[in-house]
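Asker: Sharing a model that was predicted from the sequence below.
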Amino acid sequence: MPTGPDPTEVTAARAIKAPPPAAEFTGVVTSRKSSVISSQVQAPLVKLNVHAGQLIKAGDVVAQLDETELKTRLEQARSNEQSAQMEAGSFGAQVSALRQKADASAHLHKLRIEPAMAVSTALADLRQAAAQAAAAAAKAASARAAREQAEKDLAKAQIFSPLTGIVTNIKAREGEVPQVGTPLARVFDPSDLIIRFAVPREHRGELQLGQRVELAVEGNARPVWATVTNISGAQEPPINFTVVEADIDDTRLAPGELTVASVGRVRIADARGAKR
């Protein structure tokens, strides 16, 4: 006779296996277009006009270098150029006079008034003066180039922003003497934002160009969606990750919703989450 289940019998419920949590990666908001602001001449930094996060326009003065030594170099270069030009002019006049003397000596020799030795001596003097004039002219050209470079160096004492954007990565301090080419800061164009994040090797196969990713930034009420536009090549040990870039649709961002250097969590979008 069939009987019902024994109420005292423990019936094991089948455990429902939850799907594994979606992989997350740390992402940083940056810009597709940026530029390093660097010193192009060596001089003490006397004024830094920017701070991190500041919006500046192309052509704004970012920093001011001390002009004292640069002006001294320029005055010395101008003095050297003037002296070289006077020397070159003197030798030029001498060459002109010796050429006339050599022509006259040659003419008198034809008239049998002066010996051939006089003509040879006049030509030798002319050649020597011409060589000295050429050397003086080269010296004057070098002095002119030095003066022009000194003028350019003085103009570089003011350091301008090459583009409109947000200032970040300030590395300089007032009172320091940055070397030529030393980065002072970086400026990012905030009009074209991207996400850059590192993906471990075991998750590399989950990403492909054109795929959507979701960026969640603490303090933001909604996630930001982006499209993968670049995946770096395969990395060899000890670098066991791939750098990925995803383009953010800036037209859908609210004012101030994202800023350069914002850090958040990146997830790979699935079919359910790829809608916005």
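Answerer: Yep, it's here.

Asker: Do a quick rundown of the strands in the stretch 101-250 of the chain.
Answerer: 158-160, 165-168, 183-188, 193-200, 212-216, 224-231, 241-248 (DSSP state E, counting those that start in this stretch).

Asker: Direction included, what does the first one pair against?
Answerer: The reference is to strand 158-160. Strands flanking strand 158-160 in the sheet, each with its direction: strand 61-65 (antiparallel) (DSSP bridges).

Asker: roughly how far apart are the closest residue to Ser191 other than its chain neighbours and Leu215?
Answerer: Nearest non-adjacent residue to Ser191, counting by Cβ to Cβ, 6 or more residues apart in numbering: Asp250, 6.5 Å away. Glycine gets a C-beta too; all of them are placed from N, C-alpha and C. Per Cβ to Cβ, to the nearest Å, Asp250 is found 13 Å from Leu215.

Asker: When those two are compared, which one has more neighbours?
Answerer: Each of Asp250 and Leu215 has its neighbours counted (other Cβ atoms under 10 Å); Leu215 has more, 24 against 13.

Asker: ok, now how distant is Arg144 from Ala77?
Answerer: Distance from Arg144 to Ala77, by Cβ to Cβ: 9 Å.

Asker: closest one to Val50 among the strands of the stretch 101-250 of the chain?
Answerer: Nearest to Val50 among those is strand 165-168 (4.7 Å), distances taken as Cβ to Cβ.

Asker: If you average the pLDDT over the closest one, what comes out?
Answerer: Averaged across strand 165-168, the pLDDT comes to 90.

Asker: helices and strands around it, which ones?
Answerer: Identification of packing neighbours for strand 165-168 by 3 or more Cβ pairs under 8 Å, 6 or more residues apart in numbering; DSSP states H and E yields strand 55-56, strand 183-188.

Asker: Among the ones you listed, show me which one is buried the most.
Answerer: Across the helices and strands packed on strand 165-168, averaging neighbours per residue (mean count of other Cβ atoms under 10 Å) puts strand 183-188 on top, at a mean of 22.
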